[in-house]
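*Asks:* What follows is a protein structure lacking sequence information:
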Ligand SMILES: Nc1ncnc2c1ncn2[C@@H]1O[C@H](COP(=O)(O)OP(=O)(O)OP(=O)(O)O)[C@@H](O)[C@H]1O
């Protein structure tokens, strides 16, 4: 197998009828995960990179060569960009080996060498013994492994993965994720995913897209530990209240005020800020209950329970203020029973200021 060709990507794209206006860079050898809610514009971004969609404005530059631009258009097959979708999309009439050899063959490699290369890639992704099977004789996970081999055998300069594990049984995802982790090393990759584990285990950097815009980006660990957007907080399993920094607190919707500790950068008065805290740091009280004697200052948020989710030896209580963000608290099953928690019940979430991080956004 050849050493991977590594390229750097710069992409900007405005697609008016989809409400998308995004910019994304990937350094040579870097894996960037694109996260965001449904309809955010993630697949649109990949389509622009792959040359399947021409944006109203923007450019795609790979290795310094303009592939999409006001005066440039390189067709998809000539970009040396591989796109791996949710479904393997293998040629149904070809064997696994022939599917993988197809890319090298169409780039002029001899039949013999193309088959050798295909065999090596099938071995690499753990399905060497299935080389002679046709796609309808493969499981979903096996077919997706063949699709990974096919994408890599074409020696792409950029690999685009559009939720590569979404269509697979959850049981087979960890093993494929490990394979991807190995074969994506040192390649330039843009990975669209809903799964925080993909971001953690596969990506160097995360870009969060919401409503057609990039709302935050940074190293994966930083974005998950110190999220700025509601979406990033949710996938990181944290509560986030966004608002304005006023009188030493984040003033959010519905008159909510959350005090906390600044972990470095102090928010500026009148500027946007966020307060972030763990569900396990939240105590839940009945609406009429008295607060416990205050040790350290506590934030008190009146919420209505929306859902209860079993979580091992805990119950996660999802609740929201009238127009505010959905928040979560983890309580013991006994506490949930004592409080008689049901959706629709008005309760109070309480969290110590020392358990809350506040920072500018
Ligand atoms: N082929 C299309 N034609 C017109 N509009 C589209 C098309 N595909 C998507 N859109 C719209 O463009 C916007 C962005 O969609 P896109 O598929 O890029 O989002 P996404 O983040 O990939 O979502 P998901 O996670 O649901 O796949 C949405 O408003 C969507 O309805």
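*Replies:* Received it, and whenever you're ready, just let me know what you need. All figures in this text were calculated on a predicted structure; none of them were measured in a lab.
*Asks:* Could you report the separation of residue 259 from the ligand?
*Replies:* 35 Å (C-beta to the nearest ligand atom, to the nearest Å). Where you see a C-beta, it was placed from the backbone N, CA and C, and this is true even at glycine.
*Asks:* list the contacts for that residue?
*Replies:* 248-250, 275, 297, 299, 353, 356, 358 (C-beta atoms under 8 Å, 6 or more residues apart in numbering).
*Asks:* Those into a markdown table, with extra columns for secondary structure and pLDDT?
*Replies:* As requested, the contacts of residue 259 are arranged in a markdown table below (DSSP: H, G, I helix; E, B strand; the rest coil; pLDDT from 0 to 100):
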| residue | secondary structure | pLDDT |
| --- | --- | --- |
| 248 | coil | 90 |
| 249 | strand | 94 |
| 250 | strand | 95 |
| 275 | strand | 94 |
| 297 | coil | 77 |
| 299 | strand | 94 |
| 353 | helix | 94 |
| 356 | coil | 94 |
| 358 | strand | 93 |
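*Asks:* Might you list the low-confidence residue ranges for the stretch 1-150 of the chain?
*Replies:* Scanning the stretch 1-150 of the chain for pLDDT under 70 picks out the ranges 1-3.
*Asks:* one step back: farthest pair within the contacts of residue 259?
*Replies:* 250 and 297 (13.8 Å; C-beta to C-beta).
*Asks:* Of the two, give the one with the bigger neighbour count.
*Replies:* Using other C-beta atoms under 10 Å as the criterion, residue 250 and residue 297 rank with residue 250 on top: 27 against 11.
*Asks:* I'd assumed residue 261 was in contact with the more buried one.
*Replies:* No - here residue 250 does not reach residue 261: they are 12.0 Å apart, not a contact under C-beta atoms under 8 Å.
*Asks:* anything in contact with each of these two?
*Replies:* residue 358.
*Asks:* Show me which of the contacts of residue 259 are buried.
*Replies:* 249-250, 275, 299, 353, 356, 358 (16 or more other C-beta atoms under 10 Å).
*Asks:* Show residues contacting the helix or strand encompassing residue 347.
*Replies:* Taking DSSP states H and E as the criterion, the element that holds residue 347 is strand 346-352. By C-beta under 8 Å, 6+ apart, the list of residues contacting strand 346-352 from outside reads 258, 277, 281-287, 289, 291, 295-305, 317, 319, 327, 329, 339, 341.
*Asks:* likewise stretch 333-341?
*Replies:* Residues contacting stretch 333-341 (C-beta under 8 Å, 6+ apart): 284-286, 305, 308, 313-315, 317, 331, 345, 347.
*Asks:* all strands for the stretch 151-300 of the chain, in order.
*Replies:* 158-162, 189-192, 205-210, 213-219, 239-246, 249-251, 257-258, 261-262, 272-277, 282-286, 298-311 (DSSP state E, counting those that start in this stretch).
*Asks:* Need the winner for burial among these.
*Replies:* Each of the strands of the stretch 151-300 of the chain was scored by mean neighbour count; the highest is strand 189-192, a mean of 26, by mean count of other C-beta atoms under 10 Å.
*Asks:* so what secondary structure elements neighbour that one?
*Replies:* strand 20-26, strand 31-35, helix 42-50, strand 158-162, helix 196-202 (3 or more C-beta pairs under 8 Å, 6 or more residues apart in numbering; DSSP states H and E).
*Asks:* Straight-line length of stretch 172-192, end to end?
*Replies:* With C-alpha to C-alpha, to the nearest Å as the measure, stretch 172-192 spans 19 Å from end to end.
*Asks:* With stretch 242-258 instead?
*Replies:* Stretch 242-258: ends 9 Å apart by C-alpha to C-alpha.
*Asks:* wait, residue 252 sits on residue 245?
*Replies:* No - the criterion here is C-beta under 8 Å, and residue 252 misses it with residue 245 at 10.9 Å.
*Asks:* thinking again about what came up before, could you export the contacts of residue 259 as a markdown table, including distance to the ligand?
*Replies:* Listed next are those as a markdown table, based on distance: C-beta to the nearest ligand atom, whole Å:
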| residue | distance to the ligand |
| --- | --- |
| 248 | 37 |
| 249 | 34 |
| 250 | 28 |
| 275 | 27 |
| 297 | 40 |
| 299 | 33 |
| 353 | 36 |
| 356 | 30 |
| 358 | 30 |
